[in-house]
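Engineer: no sequence for this one, just the structure:
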């Protein structure tokens, strides 16, 4: 099983450019999440989805949009990248409710110059 | 304010010793707490989950305790090995809605020397 796969692994953007990060999971998980990880800050939740066609805001949603058109995929979009969005982005998925382990992708390192 | 804190200083220990990592939280009442391992350039990997009604949980050389009175979890690795060197993250779900919107500590880096 591949688990959770993120594409791309690395990307450099210029300020104002847009891009989409793709997350795919093959475990038939209902819930999917996007986090960002910054030095000294820990992982912070950007957006999450509790099922196909649903999305909701997390702790730091500004500047990002998401879509979950298919159960296995969760896309994170940056419409107009800013240097403050330089970070490592992680996608995760969980099977269901009530405290189950989260499976994480390998991360996408994004630099906005 | 709500906080989840882990020692930001790296923990250096010798192979064979027991490593003990601390996770303290403030103004949360989590139903459970999780521990993850993260290697450089990789995503976190789940290790253990402990619920509020459990005092202790074990898995092979790992042990986690959860003290809801002290608002603290301790993570122990016994007979530590150099391969245990990594950053260890604690996480909790502040709302317990089931959607698992985890809040993470910043992690503690463990270095095990041969």
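Structural biologist: Sure thing, it's come through. What you see is a predicted model; the values in this text were computed from it and never measured.
Engineer: hey, let's count contacts and neighbours off CA atoms from now on
Structural biologist: OK.
Engineer: how about low-confidence regions in chain B?
Structural biologist: Segments of chain B classed as low confidence (criterion: pLDDT under 70) are B:96-98.
Engineer: got the residue ranges for the strands in it?
Structural biologist: B:3-6, B:11-14, B:19-26, B:32-38, B:45-51, B:56-59, B:62-67, B:72-77, B:86-92, B:103-104, B:108-113 (DSSP state E).
Engineer: And chain A, by the same measure?
Structural biologist: Under DSSP E, chain A gives strands at A:4-7, A:10-13, A:19-25, A:31-38, A:42-49, A:56-57, A:64-67, A:73-78, A:87-94, A:103-104, A:108-112.
Engineer: got the residues of chain B near chain A?
Structural biologist: B:32, B:41-46, B:49, B:93, B:96-107 (C-alpha under 8 Å from any C-alpha of the partner chain).
Engineer: From those, keep the buried residues only.
Structural biologist: Burial by neighbour count, 16 or more other C-alpha atoms under 10 Å in any protein chain shown: within the residues of chain B next to chain A this picks out B:32, B:43-46, B:49, B:93, B:96, B:99-107.
Engineer: quick one, what contacts the residue sitting nearest the centre point of chain A?
Structural biologist: Geometric centre of chain A, nearest residue: residue A:34, 2.9 Å, by C-alpha atoms, centre = their mean. By C-alpha atoms under 8 Å, 6 or more residues apart in numbering or on different chains, residue A:34 lies in contact with A:45, A:46, A:47, A:48, A:76, A:89, A:90, A:91, A:92.
Engineer: Could you count how many residues lie near the first one?
Structural biologist: Using other C-alpha atoms under 10 Å in any protein chain shown, the number of residues around residue A:45 comes to 23.
Engineer: Kindly report the same for the fifth one.
Structural biologist: Around residue A:76 sit 21 other residues, with neighbours defined as other C-alpha under 10 Å.
Engineer: Equivalent analysis for the fourth one, please.
Structural biologist: By other C-alpha under 10 Å, the residues close to residue A:48 number 27.
Engineer: quick one: the closest residue to residue B:81 other than its chain neighbours from residue B:7, how far?
Structural biologist: Counting by C-alpha to C-alpha, 6 or more residues apart in numbering or on different chains, residue B:15 is the residue found nearest to residue B:81 once chain neighbours are left out, at 5.1 Å. Counting by C-alpha to C-alpha, to the nearest Å, the gap from residue B:15 to residue B:7 is 20 Å.
Engineer: neighbour-wise, which of the two wins?
Structural biologist: residue B:15 (18 against 15).
Engineer: wouldn't residue A:4 be in contact with residue A:29 here?
Structural biologist: No. If you go by C-alpha atoms under 8 Å, residue A:4 and residue A:29 don't touch, sitting 10.2 Å apart.
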